[in-house]
Structure formats: structure tokens, C-alpha cells
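Asks: Below is the sequence, then the predicted model.
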Amino acid sequence: MERTGLERPDFKAADEMFANAWRASLPELEARARRFAEGQRDRAEELLANTAIKALLFMRRSPQTITDPCGFLFVVLRHVFLDSVRRRGRDREVFDRNREVDGDSAGFAHDGLTALQKLELDQQLDRVVDAVARMSREQRRLFAYRFIDDLPYPVIAEKLHINQPLARKRVELLRNRLKLVMSRD
């Protein structure tokens with residue numbers, strides 16, 4: 001077959017990175033998704049499916065920026081969950097109770113985010129991933145404890161062998177650093 005230059009790029013390395021991280025993290029991802037979904041199996045499966053799609057697409061786009069694929073999956077799961085919470089809130093606000101229900105999607109003025117909003121969220125996620133990749137190992141570990149593992153401050157302090165006020169201060173500094181990176185663009 002003659003190559004025309006229109007074939008899809010080689011995603012083998014990114015796909016392997018995703019598959020290995022997914023297999024290694026799946027039990028913990030499932031548990032976290034169930035907790036986010038408050039035990040509702042369908043919602044948890046939807047969160048996992050959306051996480052898999054978004055993570056794979058990102059890994060294919062920028063595999064060189066991923067230093068911790070397993071941790072990255074948890075970041076994506078958290079973002080997918082937050083997006084679903086926001087979407088449900090917007091959907092509840094625009095539901096028209098006086099409208100006749102003709103089909104499955106009747107009653108909603110829109111279907112989630114616009115293409116521009118999705119692009120902006122992807123760009124923000126890219127900037128966060130880049131910022132985390134440039135952090136020191138200790139800062140990445142702190143980021144993972146607080147924002148990926150969602151550990152409380154007493155546990156973080158214990159893991160880092162520091163007192164709780166210092167753990168809070170370090171998280172605050174980390175958060176400020178991320179905000180600075182996000183505000184630059």
C-alpha cells in the first residue's frame with residue numbers, strides 16, 4: 001500500500017503506556033469512581049469510560065509530557081468527575097418542567113460544554129500537566145498525595161514526616177504555583 005501521508009500517526013508507544021497504566025491502576029480507579037458516584041454503578045462506569053477516552057487521547061497527543069501515567073489517570077478521573085458535577089448542575093438549571101417529554105434528551109437546552117469550552121479545558125489540563133512535570137520529585141509527590149490521592153492533611157503530614165501546619169503550607173504554595181502557571185496564559 002502506498003503511503004499518502006494521511007495515515008494516522010504511530011500511537012503504539014502511547015497506547016502501550018496507557019494500557020499498562022490502566023491495568024495497573026484499574027482496581028483503585030474503580031474504587032475512586034464508585035466513591036465519586038456515591039455507589040451508583042452506572043455513573044461509576046461512565047466516569048471510568050470517559051476517563052479512559054480522555055486519558056488515551058491526551059497520551060496520544062503528548063506522550064512525552066507524561067511522567068507518571070498511573071497518577072495521570074487519577075488526575076483525569078477527578079477532572080471527569082468535576083465536569084460531570086458541573087454538567088449535572090447546569091442541566092438541572094435549564095430543565096424546562098413545562099415542556100412535553102418526547103424523547104430521551106427532551107427538556108434540556110444544551111448538551112454539556114461547547115466545543116470552545118472543551119478546547120479551553122483541554123488546554124488548561126495540558127498546562128497543569130506541563131507544570132507538574134517541571135516540579136521537583138518532592139513537589140510531584142505532594143501533588144499526588146493531595147490532588148490525586150485526595151489524602152487529608154494529617155495523612156500527608158505523616159507520610160512526609162512533617163507537622164500538619166507545614167503540610168498545609170506546602171500544599172498552599174503548590175496550589176499558588178499552579179495558579180500562577182494557569183494565569184500566565
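Replies: Thanks, I have the structure now.

Asks: Can you give me the domain assignment for the protein?
Replies: What automatic domain parsing lists as the domains of the chain is 10-96, 135-185.

Asks: for these, which one sits closest to residue 118?
Replies: Proximity to residue 118 (Cβ to Cβ) singles out domain 10-96 among the domains of the chain, at 9.3 Å. For the C-beta atoms, the positions are set from N, CA and C on the backbone; glycine is no exception.

Asks: Centre of the chain to the closest one, how far?
Replies: Remark: domain 10-96 is offset 6 Å from the chain centroid, using Cα atoms, centre = their mean, to the nearest Å.

Asks: just stretch 142-155 next, same as before
Replies: So, by Cα atoms, centre = their mean, the centroid of stretch 142-155 is 15 Å from its chain's centroid.

Asks: for the one helix or strand in the chain whose mean pLDDT sits lowest, packing partners?
Replies: Least confident helix or strand, the chain: helix 115-133 with a mean of 77, by mean pLDDT, DSSP states H and E. Applying 3 or more Cβ pairs under 8 Å, 6 or more residues apart in numbering; DSSP states H and E, one finds that helix 115-133 makes contact with helix 41-61, helix 69-94, helix 164-184.

Asks: Following it in sequence, what is the next regular element?
Replies: Toward the C-terminus, helix 115-133 is succeeded by helix 137-143 as the next helix or strand (DSSP states H and E).
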